[in-house]
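Undergrad: have a look at this fold, sequence not included:
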């Protein structure tokens, strides 16, 4: 009995050690692939960064109509964002190559699921990009329009519009990514409704003065006190 | 507008009138008797030219006859109803006037006219003779562009006085008081050039561009320009809710034109007078105090809330001066001319560089424009009857003095940023 136990133990230990020994070259390959990819990624980033700087990439991007990219970028520099993204991509590739050395089947499954998820990622990124551009455009339109109408809460109105579009955009992007759709819908409803109520209250309270002024002007007009303005612009 | 798209009934009348020496497009409000008087006045032009008067078909009221009151048989003046304001309803008066210009140019080309005039304004205490005065230099002296020199009150035509006239004077070197008319007389040479520019896509799809481009096109081509003294225009009352849109519609084609004519205006020398015809017409000036609180409030709001946008357009020194101005009490508020001039130049440059959306850019200029108007109103509130002319002359001189700043920033927008 004891000899059988010993034999089983020896066999399982031998099996484990054999499998571990089989894995060791793969692990070593993974570490080497990772190290190489880190070095290559850093070198590529170091080449790309001055190249983009010399091309004035940050200014050009803002001029092409994507100033919001700078806001998301590290240290507000899209150049840094691009160079780091390239480095991260190279490292990810190195990691996948390393994983393939450990277990080819697992890697192919992982690759398949990642590839299947790529359209969702791209869709979400596009929604975020377009949403950001629209949010900025609408916020500016509302801000300028409200200032030209002499509204004292112009900035609040503009911020409200911007955040409404941003919240809507983020909710749509998360829906694309299939991340907790139930929670996202609920959170979106609460946030969107909250912003609308806040804006309605702010505008309602802020309009008191406006309505008072308007009524005063009407009263002055009716009493004939109000002299016609002499200014003619065109 | 292409002549081929002319409605059938108009086409029939074109066939009746095969050619003309002078085409006059009328979009101002004239009744039948008024138009007959205009025709009669044009009939006394030297050389008895054949005249075609195009009357906007939309301007005719239901009670008015659909016939041609002045086109009696044997008369040298023919009256034709014409879709001057375009096929659809114009979005704004500015767009309507621009469409009328395009229609009149196309019709003049069709009739092989030597010259054309566009009559947009209603003048105070004026007889239809003034249309003749506008047309006469074209027919008699073979000039290329006749611009009006309206008698005016100090607070009228402010956008023209503060930006359009001094800017074009500084850029193109000719002292024209109303370069954008809107009532203009134009020779064949010039309207053919305008049509060619339009066909070549030079308008960039901007319908208001043709009106803003007329004077610069004439000046860059060294064509003959003169001014004619006319009575005061009747200006539409200010629509305060729409002023930023008007500013954008009027300034956008001017700034676009600056971009197209950069090679021309950068070599222009200091300005000179253009010949003036007729006698100045006197007009009673406004007296008493004016309320500038609304405009001041708009400027202060702009300084508080539009810093983010102005910061993309204006250099830090200008922003600093604007913040200082916003803190001044209303009675001490004065915007220095050189500051205003630099602001206009910086906005023109930002328009060229597309720093931000062009519509946003120009609309965000409204509080600054109103600040200038407030300052101007302060200066002239109690001033004498001729003080406003001296005040505007000082402003024009400031524009000319600041031209080196504009040229430097235009040529080296990244490097030259004070």
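TA: Looks like it came in fine. The shown structure was predicted, so the numbers you read here are calculated from the model rather than taken from an experiment.

Undergrad: hmm, the helix or strand where residue B:404 lies touching chain A?
TA: If you go by DSSP states H and E, residue B:404 is part of helix B:403-411. No: figure legend: helix B:403-411 not in contact with chain A (Cβ under 8 Å from any Cβ of the partner chain); closest approach 16.0 Å. For every residue, glycine as well, the C-beta is placed using N, CA and C.

Undergrad: buried ones in that helix, by neighbour count?
TA: Within helix B:403-411, the residues that count as buried by 16 or more other Cβ atoms under 10 Å in any protein chain shown are B:403, B:405, B:406, B:409, B:410.

Undergrad: ok, the residue of chain B at minimum distance from chain A - contacts?
TA: Residue nearest to chain A within chain B: residue B:235 (3.7 Å; Cβ to the nearest Cβ). Residue B:235 is in contact with A:232, A:234, B:156, B:157, counting by Cβ atoms under 8 Å, 6 or more residues apart in numbering or on different chains.

Undergrad: now the residue nearest to the first one when sequence neighbours are not counted: how far from residue B:305?
TA: Nearest residue to residue A:232 in three dimensions, chain neighbours excluded: residue B:235, at 3.7 Å (Cβ to Cβ, 6 or more residues apart in numbering or on different chains). When distance is defined by Cβ to Cβ, to the nearest Å, residue B:235 is 30 Å away from residue B:305.

Undergrad: kindly report the same for residue A:112.
TA: The gap separating residue A:112 from residue B:305 is 52 Å, by Cβ to Cβ.

Undergrad: give me the neighbour count for residue A:125.
TA: Other residues within reach of residue A:125, judged by other Cβ atoms under 10 Å in any protein chain shown, total 13.

Undergrad: that one belongs to a helix?
TA: Yes: assigned with DSSP: H, G, I helix; E, B strand; the rest coil, residue A:125 falls within a helix.

Undergrad: which residue packs closest to it, ignoring adjacent ones?
TA: Closest to residue A:125 by Cβ to Cβ, 6+ apart is residue A:173, at 7.8 Å.

Undergrad: give the other helices and strands that the helix or strand hosting the one you found contacts.
TA: With secondary structure defined by DSSP H and E, residue A:173 is part of helix A:154-177. On a contact count with 3 or more Cβ pairs under 8 Å, 6 or more residues apart in numbering or on different chains; DSSP states H and E, helix A:154-177 meets helix A:104-148, helix A:181-223, helix B:293-305.

Undergrad: can you put those in CSV and add distance to residue B:227 and mean pLDDT?
TA: Formatted as CSV, those follow (distance: least, Cβ to Cβ, whole Å; pLDDT from 0 to 100):
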stretch, distance to residue B:227, mean pLDDT
helix A:104-148, 34, 87
helix A:181-223, 39, 73
helix B:293-305, 30, 91
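
Undergrad: those: which one's closest to residue B:221?
TA: helix A:104-148 (37.2 Å; Cβ to Cβ).

Undergrad: rounded mean pLDDT for the helix or strand hosting residue A:32, please.
TA: According to DSSP H and E, residue A:32 maps onto helix A:2-54. Here helix A:2-54 scores 89 as its mean pLDDT.

Undergrad: helices or strands next to that helix in the packing?
TA: helix A:78-102.
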